[in-house]
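*Asks:* Return atomic coordinates for the entry below.
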Amino acid sequence: MRKGPTTMRLPYEDALRAERHRLIDTLDGLSDDDFDAGTTLCAEWAPRDVLGHVIGLDYITSYLPYGPRINAANQAHADRARQVSRERLMEWARHWADRPSTTSRLAAGLLLGDLGVHHQDVVRGLGLHRQVPDEVATAVFREGLQLSLWLNRRVLRHRLVPTDGHRPVGRGPQVRGTREALGMWLTGRDSVAGELEFG
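*Replies:* Residues are numbered from 1 along each chain as shown. Coordinates of the predicted model:
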């Protein structure tokens, strides 16, 4: 008997799905006020806006009308999320978590870092805490290294020394901290600086 086709798992795909579900768990635990208007580390975005943005990344063609104006496209996704009820948005999020788009599955290694950063934006912005999984912590650090090259060049001016299991990166004055805190700082989230040791 012939077996039906199987869907091949791509690198980081399972980790991406798991982190999406962890974000949903975080959001499910918020009050309506915090969900709709709570503070995050993303300027002017509440948790529901952050969710709208990360869901929007599954719809790569929605970026095409904006050309190089990526921030405008991201804002459009956040605005779209504002137009639906919390219940409907969370239903959409569960579908997004269970069934990543093909482009997201192919880019899971990159998107895991972006998702981890935005999950921390919500957690840290609301003064919450969570245990960041090892694979996600590394992805957040990697995301910070990449974004810093064009956001603030910190990666080019410092020797970054993770204290929780990654080789040092760069040269210059040392900055020590967890992979997650270093990654968040590299992306410009300066509120984490108090957790870092600057040499």
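*Asks:* which intervals of the chain have sub-threshold pLDDT?
*Replies:* 1-7 (pLDDT under 70).
*Asks:* In it, what residue spans correspond to strands?
*Replies:* 159-162, 169-170, 174-177, 197-198 (DSSP state E).
*Asks:* would JSON lines of the ones you listed with mean neighbour count and distance to A108 be doable?
*Replies:* C-beta coordinates here come from the backbone N, C-alpha and C atoms, glycine included. Listed next are those as JSON lines, based on neighbours: other C-beta atoms under 10 Å; distance: least, C-beta to C-beta, whole Å:
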{"stretch": "strand 159-162", "mean neighbour count": "20", "distance to A108": "22"}
{"stretch": "strand 169-170", "mean neighbour count": "17", "distance to A108": "22"}
{"stretch": "strand 174-177", "mean neighbour count": "20", "distance to A108": "26"}
{"stretch": "strand 197-198", "mean neighbour count": "10", "distance to A108": "32"}
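*Asks:* Mind putting these into JSON lines with distance to R20?
*Replies:* What follows is these, written out as JSON lines (distance: least, C-beta to C-beta, whole Å):
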{"stretch": "strand 159-162", "distance to R20": "25"}
{"stretch": "strand 169-170", "distance to R20": "27"}
{"stretch": "strand 174-177", "distance to R20": "26"}
{"stretch": "strand 197-198", "distance to R20": "32"}
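*Asks:* do you know which of those strands lies nearest D121?
*Replies:* Proximity to D121 (C-beta to C-beta) singles out strand 174-177 among those, at 17.3 Å.
*Asks:* which residues touch the closest one?
*Replies:* Outside strand 174-177, the residues that touch it by C-beta atoms under 8 Å, 6 or more residues apart in numbering are 158-163, 182, 185, 192, 195-199.
*Asks:* with those residues in mind, which one is nearest to D79?
*Replies:* Within the contacts of strand 174-177, the smallest distance to D79 is 27.6 Å, found for V192 (C-beta to C-beta).
*Asks:* what residues are up against the closest one?
*Replies:* For V192, the contacting residues are 124, 177, 181, 184-185, by C-beta under 8 Å, 6+ apart.
*Asks:* got the contact list for L126?
*Replies:* 30, 34, 38-40, 47.
*Asks:* go again using 6 Å as the cut-off
*Replies:* By C-beta atoms under 6 Å, 6 or more residues apart in numbering, the residues touching L126 are G38.
*Asks:* sorry, back to before: would you mind giving the contacts of strand 174-177 as JSON lines with distance to W150 added?
*Replies:* Formatted as JSON lines, those follow (distance: C-beta to C-beta, whole Å):
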{"residue": "H158", "distance to W150": "16"}
{"residue": "R159", "distance to W150": "20"}
{"residue": "L160", "distance to W150": "17"}
{"residue": "V161", "distance to W150": "23"}
{"residue": "P162", "distance to W150": "22"}
{"residue": "T163", "distance to W150": "26"}
{"residue": "L182", "distance to W150": "18"}
{"residue": "W185", "distance to W150": "16"}
{"residue": "V192", "distance to W150": "20"}
{"residue": "E195", "distance to W150": "24"}
{"residue": "L196", "distance to W150": "21"}
{"residue": "E197", "distance to W150": "26"}
{"residue": "F198", "distance to W150": "22"}
{"residue": "G199", "distance to W150": "25"}
